[in-house]
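Participant: I would like the atomic coordinates for the input below:
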Amino acid sequence: MSTPNERIGAAVKMSLREHAVDDVVTALTGHFVSLLVEFLRRKGVDTSKRIHIDGGKNRDITIGPVK
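Facilitator: Reported below is the predicted structural model:
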């Protein structure tokens with residue numbers, strides 16, 4: 001049985017064979033934001049406001065409110 005990470009990785013590789021990189025990045029970004037917003041909503045966070053993730057030594061991520 002594969003892990004979620006392995007399954008997602010395989011799906012991304014297949015998508016990159018069939019679609020342009022910018023289309024795959026757009027799809028992945030949309031899925032990431034949706035998943036993160038739902039995760040935070042379930043934890044009681046007000047997701048109608050800006051979401052900021054401190055990346056520590058890596059890059060930070062900021063997700064603006066819905067337009």
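
Participant: Against L36, how distant is R42?
Facilitator: 11 Å (CB to CB, to the nearest Å). Bear in mind the C-beta positions are built from the backbone N, C-alpha and C, glycine included.

Participant: if you count what's nearby, which of these two comes out ahead?
Facilitator: L36 (15 against 9; other CB atoms under 10 Å).

Participant: gap between the more buried one and P65?
Facilitator: 13 Å.

Participant: Likewise for G9?
Facilitator: For G9, the distance to P65 - CB to CB - is 31 Å.

Participant: got the buried residues for the one helix or strand H31 maps to?
Facilitator: According to DSSP states H and E, H31 maps onto helix 21-42. Buried residues in helix 21-42, counting neighbours by 16 or more other CB atoms under 10 Å, are found at 24, 37.

Participant: Which strands and helices lie in contact with that helix?
Facilitator: helix 4-18, strand 51-53, strand 61-63 (3 or more CB pairs under 8 Å, 6 or more residues apart in numbering; DSSP states H and E).
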